[in-house]
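# have a look at this prediction, sequence included:
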Amino acid sequence: MRPDAGRLGAAELGAEPGERASLVQFSSAFCQPCRATRRILAEVADLVEGVAHIEIDAEAHLGLVRALGIEKTPTVLVLDAGGRIVRRAAGMPRKADVIAALGAAV
């Protein structure tokens, strides 16, 4: 699975991206910070209209993980409406930082 020209769509994500932006979280089963990240991203997606939170199991999607250079979980990608990665961060984000990062996408 190769992201086409730096764009991620439903085929790569396994879910429909948001109309305005997507918060894509790469997680693993035993990752404690992934649980808190899931909650933070879901809250932000609920607050901002047209934003989707999509969680991807890194272990089940190794091809995509390698193609995107994901090295640890959680890693969060912020995608714009066209599926382009506009921000990327590893580790558990702060809610305010996620909201600020969305500003680059919407």
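Right, received. Where do you want to start?
# spatially nearest residue to the residue nearest the centre of the chain, not counting backbone neighbours?
By Cα atoms, centre = their mean, the chain has its centre lying nearest to residue 24, at 1.3 Å. The shortest distance from residue 24 to any non-neighbouring residue, by Cβ to Cβ, 6 or more residues apart in numbering, is to residue 77 (4.3 Å). Where you see a C-beta, it was placed from the backbone N, CA and C, and this is true even at glycine.
# before we move on, the earlier item: list the contacts of the residue nearest to the centre of the chain.
Residues in contact with residue 24 (Cβ atoms under 8 Å, 6 or more residues apart in numbering) are 8, 13, 54, 55, 56, 76, 77, 78, 79.
# change it to 10 Å
Taking Cβ atoms under 10 Å, 6 or more residues apart in numbering as the contact definition, residue 24 lies against 8, 12-13, 15, 17-18, 41, 52-56, 64, 68, 75-79, 83, 85, 88.
# same question for residue 97.
For residue 97, the contact set (Cβ under 10 Å, 6+ apart) comprises 40, 44, 76, 87, 89.
# which stretches in the protein count as helices?
Secondary structure of the chain (DSSP state H): helices at 10-13, 32-47, 62-68, 95-102.
# would you list those in TSV and tack on mean pLDDT?
Shown next, in TSV, are the helices of the chain (pLDDT from 0 to 100):
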stretch	mean pLDDT
helix 10-13	93
helix 32-47	97
helix 62-68	95
helix 95-102	94
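# and the residue nearest to the centre of the chain, what are its bridge partners?
residue 54, residue 77 (DSSP bridges).
# for residue 81, what are phi and psi?
phi -60, psi -30 (degrees, to the nearest 10).
# so it makes contact with residue 9?
No. The pair residue 81 / residue 9 is not scored as a contact, 11.2 Å apart, by Cβ atoms under 10 Å.
# which neighbours do those two have in common?
In contact with both residue 81 and residue 9: 17, 22, using Cβ under 10 Å, 6+ apart.
# most neighbours among the contacts of residue 97, please name it.
Using other Cβ atoms under 10 Å as the neighbour criterion, residue 76 leads those with 25 neighbours.
# okay, now residue 28: neighbour count?
If you count neighbours by other Cβ under 10 Å, residue 28 ends up with 14.
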